[in-house]
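Asker: okay, structure incoming, though there's no sequence with it:
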Ligand SMILES: Cc1cc2nc3c(=O)[nH]c(=O)nc-3n(C[C@H](O)[C@H](O)[C@H](O)COP(=O)(O)OP(=O)(O)OC[C@H]3O[C@@H](n4cnc5c(N)ncnc54)[C@H](O)[C@@H]3O)c2cc1C
């Protein structure tokens, strides 16, 4: 099917993109890589009179260190660019690896980080990892900018904390402490993950473990009990010791998740995957 007719706008600066959106209101939407939007427009699931293609806005492509040591990833960065960026590879190897395994190469070269976050399809990889990394989502409209913790950004299926007139500018990942290790493990039998688990093990941090699971329900979920138990584990504990302490807690916590049967698997299967993938992610962090 063809999309309904729309007017295409191609701003070349952030200021111009925001002004266009403010002027055109809800009749307009942003277009980044188009991997989700174009499918929805063609299926007439979404319909807009105006499409604001932001691909020429260069300031949304930067990947650089901020003064506070955070890594800024511009929202227009594609999964492929993130996977191969030297800064991401050096500072967040677990996240670079995740980006290198999103979907397939066609989606990775066109699909952007801003797009996957804003579309908020629950079966995605990056949101889970960004929650574990405690990232900040930077949003802007014509009146200014604000930061939203990644943990509060997704509020439901296809729903985020972004206001309609806001553009996602960047994702800022705070500096990791020396010795921090992060890993993400997904599993699924379609192109999208049925379940993913992200772990950050921090020997020197005030929080020893950040453990999140995604795709099981509409938004990423923290495995809080496991995080609590990890607080009492020695920072240099070997994987076997950590897993002995955490496995029963994670299994019990996964059981409590309000998962549903769908094309990605039964609720029980997905809960089982949470424990399996948590083990793999932790093993990667602690090996
Ligand atoms: C076949 C297939 C398989 C996939 N598999 C996976 C997978 O395994 N793991 C995974 O994580 N993801 C997967 N995805 C999702 C993929 O990551 C996204 O399609 C892609 O990143 C979306 O980015 P985009 O730039 O194409 O977004 P677009 O399609 O351009 O936009 C998507 C939505 O976000 C809005 N938007 C985009 N950028 C901004 C911005 N900067 N500010 C405000 N709003 C914005 C648009 O208005 C639109 O509503 C898959 C997608 C497909 C099609």
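Answerer: Sure, I can see it. Given the structure is predicted, the values throughout are model-derived calculations rather than measurements.
Asker: do you know how far the residue most central in space within the chain is from residue 182?
Answerer: The chain has residue 127 as the residue nearest its centroid, 2.1 Å off, counting by C-alpha atoms, centre = their mean. To residue 182, residue 127 is 15 Å away according to C-beta to C-beta, to the nearest Å. Heads up, the C-betas are built off the backbone N, CA and C, glycines and all.
Asker: which secondary structure element contains the residue in the stretch 51-200 of the chain that the ligand sits nearest to?
Answerer: Nearest residue of the stretch 51-200 of the chain to the ligand (C-beta to the nearest ligand atom) works out as residue 115 at 2.1 Å. Assigned by DSSP states H and E, residue 115 belongs to helix 113-119.
Asker: average model confidence for that helix?
Answerer: For helix 113-119, mean pLDDT rounds to 98.
Asker: related to what we said a few turns ago, near the residue of the stretch 51-200 of the chain closest to the ligand, how many other residues are there?
Answerer: Counted with other C-beta atoms under 10 Å, residues neighbouring residue 115 total 23.
Asker: cool, residue 181 as well?
Answerer: Considering only other C-beta under 10 Å, residue 181 is surrounded by 18 other residues.
Asker: isn't it up against residue 283?
Answerer: No: here residue 181 does not reach residue 283: they are 10.7 Å apart, not a contact under C-beta atoms under 8 Å.
Asker: circling back: quick one: residues contacting the residue of the stretch 51-200 of the chain closest to the ligand.
Answerer: In this structure, residue 115 makes contact with 32-33, 35-37, 75, judged by C-beta atoms under 8 Å, 6 or more residues apart in numbering.
Asker: distance check, residue 12 against residue 56.
Answerer: On the measure of C-beta to C-beta, residue 12 and residue 56 end up 5 Å apart.
Asker: so which residues on this protein come close to the ligand?
Answerer: 29-37, 75, 102-103, 107, 110-112, 114-116, 118-119, 124-126, 167-168, 191-193 (C-beta under 6 Å from any ligand atom).
Asker: just the ones of the contacts of residue 115 in helices?
Answerer: Of the contacts of residue 115, the ones assigned to helices by DSSP state H are residue 37.
Asker: closest to residue 176 among the contacts of residue 115?
Answerer: Proximity of the contacts of residue 115 to residue 176 (C-beta to C-beta) peaks at residue 75, which lies at 21.1 Å.
Asker: tell me who's in contact with the nearest residue to the closest one once chain neighbours are set aside.
Answerer: Excluding the flanking residues, the one nearest residue 75 by C-beta to C-beta, 6 or more residues apart in numbering is residue 114, at 2.8 Å. With contact set as C-beta under 8 Å, 6+ apart, residue 114 has these partners: 32, 60, 74-77, 168, 171.
Asker: pick the one among those closest to residue 87.
Answerer: Distances from residue 87 to these, taken by C-beta to C-beta, are shortest for residue 77, at 11.0 Å.
Asker: what count of nearby residues applies to the closest one?
Answerer: 24.
Asker: check residue 13 too.
Answerer: Neighbours of residue 13 (other C-beta under 10 Å): 13.
Asker: with the one 4 residues further on instead?
Answerer: Residue neighbour count, defined by other C-beta under 10 Å, stands at 24 for residue 17.
Asker: what sits against the nearest residue to it once chain neighbours are set aside?
Answerer: In space, and not counting its chain neighbours, residue 17 is closest to residue 11: 4.1 Å by C-beta to C-beta, 6+ apart. Neighbour list for residue 11: 17, 20, 52-54, 56-57 [criterion: C-beta under 8 Å, 6+ apart].
Asker: try 10 Å
Answerer: Residue 11 sits next to 17-21, 30, 52-57 when contact means C-beta atoms under 10 Å, 6 or more residues apart in numbering.
Asker: shouldn't residue 14 be in contact with residue 139?
Answerer: No: contact between residue 14 and residue 139 fails when scored by C-beta atoms under 10 Å: they sit 11.8 Å apart.
Asker: who's more crowded, those two?
Answerer: residue 139 (23 against 16).
Asker: now, which of the contacts of residue 114 lie within strands?
Answerer: 74, 168, 171 (DSSP state E).
Asker: ok, back up a step: among the contacts of residue 11, the buried ones, what's the PyMOL command?
Answerer: In PyMOL syntax, the buried subset of the contacts of residue 11 is picked out as below (16 or more other C-beta atoms under 10 Å):
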select buried, resi 17+18+20+21+30+52+53+54+55+57
